[in-house]
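>>> sequence and computational prediction follow.
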Amino acid sequence: MRALAGGGRSLRWMLRSLAGRLLVVTLVFFALPVLIYEQFRQADQERQVLLLRSAQQQGQLIARALEPMLPSADGPGLARLGPVLARFADDNTRVRLLLRPKAVTSSTGEGFFYVASAPAVPTAMLDLERQRLIEQGVLVRLAASCAGDQPLAIPVPTERGGLDLLTSIVPIQSPVGCWAVVTSHAAAPYLGTHPGRPYWRTPEVQAASLIYVALAALVLVLLTEVWRNIRRFGDLARDIVQNRGPAGSFAARNSVPELAPVAEDFDRLVATLHNSATNLRRAAEDNAHAFKTPIAVIRQSLEPLKRIVPPGDQRGRRAIDMIEGSVERLDGLVSFARRMDETAADLLEPPRQRIDLSSLLDRVLQGYKGLLETRGVTVIPRVEADVFVKAGEELLETVIENIVDNAIGFSPPGGVIRVVLRREGTVAQLTVEDEGPGVDPANLEKIFERYFSQRGQPRIATLGDGATDSDCDAERALRLSGQDGMPHYGIGLWIVRRNLEAVGGHVEARNREAGGLCLRIQLPVA
């Protein structure tokens, strides 16, 4: 069943794909002449048979018309047979008269002699024709019985260099001897070709073949040119996405006038995407700067308030703590919004430079030394040197940080994180394994979805005595998730997947048999 399903998909692809249709058209162009040629060749053979049969019947009618005159033709009367035969001859039909005298008893056919011909033919040509009849055994059979009409199709040359076709020989028995009326016709008018020449060598077939080949070549060239332009568009699109190759546009690479509007629309689309990505990055940076400044002012302003509020003023201290927590959350939200905007910009216009992933991974892991010591977690790296990929450095750095953050966040104290980078053929593979609780198998795909998180439930600070309802509402609004007390928005692994897919990569998750989660990243090498 799978084989049938795969065959069905391949057939649908061939019928829908331009390359597949081009292949089908090519096969049709090759198969059609074979089928048509065979049909026409058979029709031509049938036409030749009909024409030859008509010529043979004409020879029989001529013999029947001459039959009453031959018994009395002897001696001087033989000279008068030439004008008689001329009444039955024309430009295409020739009549000869052979006689084997009664006194001749030879059974080899040598006893037959030409006594008349219309039109007149040189003796040498008549001798050649007689020799052909002897070689074919025609005169030998007549010599034996002088009976039986014999349809023929024997080519003989003419005195003018043409070709005649002996179509019939009709024997007539008389007291004088055995007569044989031989009729021949010009081969070309009756058969349209020279006997023995293949049908494909006939002028009409060759002319039709040339026209057919010219039309087929024209159609194939047109389809091939359209296919090549589409391939050029695809190559240019990949070059634009991967920032490689010479600068160009779809319109510059197009060579089919009818595709010019499409090429111009593609160019406008590329320009729009490029401008959108640039504007998103600029807006993300500007907005983050605009929000970070007042946040920093609020944070600095809290310091003198802490000194002013007495230690015994629980409500004042709790209000300051809530303000600090809200500022931290607001700062996290600003960073989160910036990351979202930058991720959207990277999806529109993913950066593609040649990045040394080995060096980048070592550098990122070095930055986690302090956090690892604080959490009591050990990282064991096995990084193959000189693994280069095509991507953006910031994009890959975000991917690595999110995966390592995720592994550290779920690792227990004393846990081990194993980081392995190696090259496998045309793919760079990065694996990060932790010894955390793992993931529910039903959620292995969901962890890459937006806003999905398996971290601990939000913690809410314990309310002291004297707290009002408004204090409770404000405190509940400050939701800090996870064991580290920092907000988590469930976008880390979502960003990982989106960033990798933007540069042609892939990420997958699985639970380790010994416990913990394994994340595997694959990227095409540069």
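Alright, I've got the coordinates. Numbers count the residues shown, from 1 in each chain.
>>> the nearest residue to Asn92 once chain neighbours are set aside pairs with what?
Residue nearest to Asn92 in three dimensions, not counting chain neighbours: Ala186, with 4.7 Å by Cβ to Cβ, 6 or more residues apart in numbering. Using the backbone N, CA and C atoms, a C-beta is placed for each residue, glycine as well. For Ala186, the beta-bridge partners under DSSP bridges are Asp164.
>>> Ala186: what's it in contact with?
Counting by Cβ atoms under 8 Å, 6 or more residues apart in numbering, Ala186 makes contact with 91-92, 162-165.
>>> separation between it and Leu166?
12 Å (Cβ to Cβ, to the nearest Å).
>>> between the contacts of Ala186, which sits nearest Arg418?
Closest to Arg418 out of the contacts of Ala186 is Leu163 (92.0 Å), distances taken as Cβ to Cβ.
>>> hang on, the closest one packs against Ala153?
No: under the criterion of Cβ atoms under 8 Å, Leu163 makes no contact with Ala153, lying 12.0 Å away.
>>> what is the burial count for Val389?
Neighbours of Val389 under the rule other Cβ atoms under 10 Å: 24.
>>> kindly report the same for Asp286.
Counted with other Cβ under 10 Å, residues neighbouring Asp286 total 11.
>>> which SSE is immediately downstream of the helix or strand bottoming out on mean pLDDT in the chain?
Least confident element among the helices and strands of the chain, by mean pLDDT, DSSP states H and E: helix 469-477 (a mean of 43). Using DSSP states H and E, the helix or strand that follows helix 469-477 in sequence is helix 492-502.
>>> need the contact partners of that next one.
Residues outside helix 492-502 that contact it (Cβ under 8 Å, 6+ apart): 339, 343, 346-347, 350, 395-396, 398-399, 402-403, 405-406, 447-452, 505-507, 521, 523.
>>> now that helix: buried residues?
Neighbour counts using 16 or more other Cβ atoms under 10 Å place 492-500, 502 of helix 492-502 among the buried residues.
>>> could these go into CSV alongside distance to Lys102?
Listed next are the buried residues of helix 492-502 as CSV, based on distance: Cβ to Cβ, whole Å:
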residue, distance to Lys102
Gly492, 121
Leu493, 117
Trp494, 116
Ile495, 117
Val496, 115
Arg497, 111
Arg498, 112
Asn499, 113
Leu500, 109
Ala502, 108
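>>> go through those and name the one nearest Glu328.
Closest approach between the buried residues of helix 492-502 and Glu328, by Cβ to Cβ: Gly492, at 18.0 Å.
>>> could you work out the end-to-end span of stretch 253-260 for me?
10 Å (Cα to Cα, to the nearest Å).
>>> what's the average pLDDT for that stretch?
The pLDDT scores in stretch 253-260 average 73.
>>> chain center to that stretch: distance?
For stretch 253-260, the distance from its own C-alpha centre to the chain's C-alpha centre is 20 Å (Cα atoms, centre = their mean, to the nearest Å).
>>> ok, and what's touching it?
The contact list for stretch 253-260, computed with Cβ under 8 Å, 6+ apart, reads 225-226, 229, 232-233, 236, 251, 262-263.
>>> let me see the backbone angles for Met322.
phi -70, psi -40 (degrees, to the nearest 10).
>>> so where is this structure shaky, pLDDT-wise?
1-19, 74-77, 79, 106-107, 188-199, 238-248, 256, 343, 346-350, 454-490 (pLDDT under 70).
>>> domain map for it?
Per automatic domain parsing, the domain ranges recorded for the chain read 50-199, 232-348, 350-453+489-524.
>>> in a markdown table: those, plus distance to Ala31.
Formatted as a markdown table, the domains of the chain follow (distance: least, Cβ to Cβ, whole Å):
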| stretch | distance to Ala31 |
| --- | --- |
| domain 50-199 | 19 |
| domain 232-348 | 28 |
| domain 350-453+489-524 | 39 |
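>>> so which of these gets nearest Gly20?
Of all the domains of the chain, it is domain 232-348 that lies closest to Gly20, at 15.8 Å by Cβ to Cβ.
>>> mind checking how far that closest one is from the chain centre?
Relative to the chain's own centre, domain 232-348 is displaced by 39 Å; criterion: Cα atoms, centre = their mean.
>>> likewise for stretch 39-58?
47 Å.
>>> try stretch 205-224
23 Å.
>>> okay, buried residues for it please.
By neighbour count, with 16+ other Cβ under 10 Å as the criterion, the buried positions of stretch 205-224 are 205, 216, 223.
>>> returning to what we had before: from the contacts of stretch 253-260, which is closest to Phe113?
Distance to Phe113 across these (Cβ to Cβ) is lowest for Glu225, with 71.6 Å.
>>> who does the helix or strand encompassing that closest one touch, helix- and strand-wise?
Assigned by DSSP H and E, Glu225 belongs to helix 203-242. The elements that helix 203-242 packs onto, with contact taken as 3 or more Cβ pairs under 8 Å, 6 or more residues apart in numbering; DSSP states H and E, are helix 18-66, helix 250-253, helix 260-308.
>>> who wins for proximity to Val115 among those helices?
Across the helices and strands packed on helix 203-242, closest to Val115 is helix 18-66 (Cβ to Cβ), at 12.0 Å.
>>> so how far is the helix or strand following the closest one off the chain centroid?
Later in the chain than helix 18-66, the nearest helix or strand by DSSP H and E is helix 81-86. How far helix 81-86 lies from its chain's middle: 74 Å, per Cα atoms, centre = their mean.
>>> mind checking what helix or strand follows helix 81-86 in sequence?
According to DSSP H and E, the helix or strand after helix 81-86 is strand 93-101.
>>> Pro351 belongs to a strand, doesn't it?
No: Pro351: not assigned to a strand; according to DSSP: H, G, I helix; E, B strand; the rest coil it is coil.
>>> how close does it sit to Glu397?
Computed with Cβ to Cβ, the distance linking Pro351 and Glu397 is 12 Å.
>>> can you tell me, leaving aside adjacent residues, what's nearest to Gln173?
Once flanking residues are discounted, Gln173 sits nearest to Cys146: 5.0 Å by Cβ to Cβ, 6+ apart.
>>> equivalent analysis for Arg354, please.
Of all residues not flanking Arg354 in the chain, Ala526 sits nearest, at 4.6 Å (Cβ to Cβ, 6+ apart).
>>> residues of stretch 122-130 that come out buried?
Buried, per 16+ other Cβ under 10 Å, within stretch 122-130: 125-126, 129-130.
>>> so which of the residues you listed is the closest to Ala442?
Minimum distance to Ala442 across the buried residues of stretch 122-130 is 98.9 Å, recorded for Glu129 (Cβ to Cβ).
>>> contacts only, for Asn275.
Listed by Cβ under 8 Å, 6+ apart, Asn275 has no contact partners.
>>> pretty sure the residue nearest to Arg354 is touching Arg352, no?
No: Ala526 sits out of contact with Arg352 when judged by Cβ under 8 Å, with a separation of 9.2 Å.
>>> of the two, which one has the most company?
Neighbour count, other Cβ under 10 Å: between Ala526 and Arg352, Arg352 has more, with 22 against 15.
>>> how much space separates the more buried one from Val439?
Taking Cβ to Cβ as the measure, Arg352 and Val439 are separated by 32 Å.
>>> same deal with Ile134?
Separation of Ile134 from Val439 (Cβ to Cβ): 102 Å.
>>> again, but for Glu225
Taken as Cβ to Cβ, the span from Glu225 to Val439 is 52 Å.
>>> tell me which of these two has more neighbours.
More crowded of Glu225 and Val439, by other Cβ under 10 Å: Val439, with 18 against 13.
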